[in-house]
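J.: Pasting the sequence and the predicted coordinates here, then a few questions.
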Amino acid sequence: MVVDAVLMLDELLPLNMIGIKKVTGGSLEESCIVGGVAFKKTFSYAGFEMQHKKFLNPKIALLNIELELKAERDNAEIRLDNVAV
């Protein structure tokens, strides 16, 4: 699996671009390579368990700020000035 992870990198990228996330429990057979980004923080909120765990053709916003979910009584609004496709 380590060799596969190294081969996924472009030859100009440094090897420290490979991160290893250790999760207690499980076995080697349950391990996998994530081609992209794996978030450390679990996103959860009231009703999270009832949401779909897989989305087809999702719309994704890349933000350079940290978002926090507020209590349901508070309203939240995000305004985008520029959308890149």
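T.: Here it is on my side, so go on. Numbers count the residues shown, from 1 in each chain.

J.: Any idea how many residues pack against Ile18?
T.: Burial of Ile18, expressed as a neighbour count using other Cβ atoms under 10 Å, amounts to 13. Bear in mind the C-beta positions are built from the backbone N, C-alpha and C, glycine included.

J.: Okay, and the closest residue in space to it that isn't next to it in sequence sits in which element?
T.: Distances taken as Cβ to Cβ, 6 or more residues apart in numbering put Ala5 closest to Ile18, at 5.1 Å, once the chain neighbours are dropped. Counting by DSSP states H and E, the element that carries Ala5 is helix 2-8.

J.: what mean pLDDT does that helix have?
T.: The predicted model assigns helix 2-8 a mean pLDDT of 80.

J.: before we move on, what about stretch 20-35?
T.: Within the predicted structure, the mean pLDDT of stretch 20-35 is 80.

J.: Check stretch 51-67 too.
T.: If you average the pLDDT values across stretch 51-67, you get 78.

J.: Next, the buried residues of that stretch.
T.: Of the residues in stretch 51-67, none are scored as buried under the neighbour-count criterion (16 or more other Cβ atoms under 10 Å).

J.: how long is that stretch end to end?
T.: Distance across stretch 51-67, first residue to last, is 19 Å (Cα to Cα, to the nearest Å).
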